[in-house]
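Peer 1: give the three-dimensional model of this entry:
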Amino acid sequence: MATTKLMLGAVAAAAALGLTAGAALAAHHFTGTWKVKDTAGTDFEIVLADDGTASASREGEGLRGKWTGAALAAHHFTGTWKVKDTAGTDFEIVLADDGTASASREGEGLRGKWTEKDNTAVITWDTGWTTKIAKDGNTYKKTAFEGDTKKNSSDAEKVK
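Peer 2: Numbers count the residues shown, from 1 in each chain. Got it, this is the predicted structure:
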């Protein structure tokens, strides 16, 4: 069991538990059992499962809910990323806290959703393409796929 004075605010279940806003979280880093304090300072445990379910037991209450990585507070992937398209032209990808993604390539407004999987931001675009941003040593790389076919790779730099 991990022990911390973690104040969860962005998890939807947190409001029901009476917790205050706080820590920036990433989903896969936080599955497990957490000893936390409610707003009155009372200790209790929250269990965050890999399947997205959350449960807590506090003073005889059995609370259940759902949680997702995108629903958690700011994450190290959220922000604006400078990358290159398949023609080598610079453009920016914006990953929002709410799990939405957008990009503006010349004459094209891309929209999609993103999640984190295995320390990689995985963006599923409304075009059917997928983009992954992953740490590569001390830098980040963007890889674009059309279906299962890799189409492009470039450096990815977080600019905002």
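Peer 1: just the helices in the protein please.
Peer 2: Using DSSP state H, the helices found in the chain span residues 12-17.
Peer 1: list the residue ranges of it that fall below the pLDDT cut-off.
Peer 2: Scanning the chain for pLDDT under 70 picks out the ranges 1-31, 50-52, 67-74.
Peer 1: ranges for the strands of it?
Peer 2: 2-3, 32-37, 43-48, 53-58, 61-66, 79-84, 90-95, 100-105, 108-117, 120-125, 129-136, 139-146, 149-158 (DSSP state E).
Peer 1: the fourth one packs against which elements?
Peer 2: Here strand 53-58 is seen to pack against helix 12-17, strand 43-48, strand 61-66 when contacts are counted using 3 or more Cβ pairs under 8 Å, 6 or more residues apart in numbering; DSSP states H and E. All C-beta spots, glycine's among them, are computed from the backbone N, C-alpha and C.
Peer 1: what's the angle from the last one to strand 43-48?
Peer 2: Note on geometry: by axes from the mean of the first three to the mean of the last three Cα atoms, to 10 degrees, strand 61-66 and strand 43-48 are set 30 degrees apart in direction.
Peer 1: any idea how far strand 61-66 is from the chain center?
Peer 2: From the chain centre to the centre of strand 61-66 is a distance of 22 Å (Cα atoms, centre = their mean, to the nearest Å).
Peer 1: how about Lys84, nearest residue that isn't a chain neighbour?
Peer 2: On the basis of Cβ to Cβ, 6 or more residues apart in numbering, the spatially nearest residue to Lys84 that is not a chain neighbour turns out to be Ser154, at 3.8 Å.
Peer 1: tell me how many other residues crowd the one you found.
Peer 2: Ser154: 17 surrounding residues under other Cβ atoms under 10 Å.
Peer 1: ditto for Lys160
Peer 2: Counted with other Cβ under 10 Å, the neighbours of Lys160 add up to 9.
Peer 1: do Phe91 as well
Peer 2: Phe91 is flanked by 15 other residues according to other Cβ under 10 Å.
Peer 1: Ala49 versus the residue in the chain sticking out farthest from the centre, what's the distance?
Peer 2: Most distant residue from the mean C-alpha position of the chain: Gly60, 31.8 Å away (Cα atoms, centre = their mean). Here the distance between Gly60 and Ala49 works out to 22 Å (Cβ to Cβ, to the nearest Å).
Peer 1: can you check Gly65 too?
Peer 2: According to Cβ to Cβ, Gly65 and Ala49 sit 11 Å apart.
Peer 1: which one of those two has more residues nearby?
Peer 2: Between Gly65 and Ala49, counted using other Cβ under 10 Å, the more crowded position is Gly65 (18 against 13).
Peer 1: okay then, goodbye and thanks.
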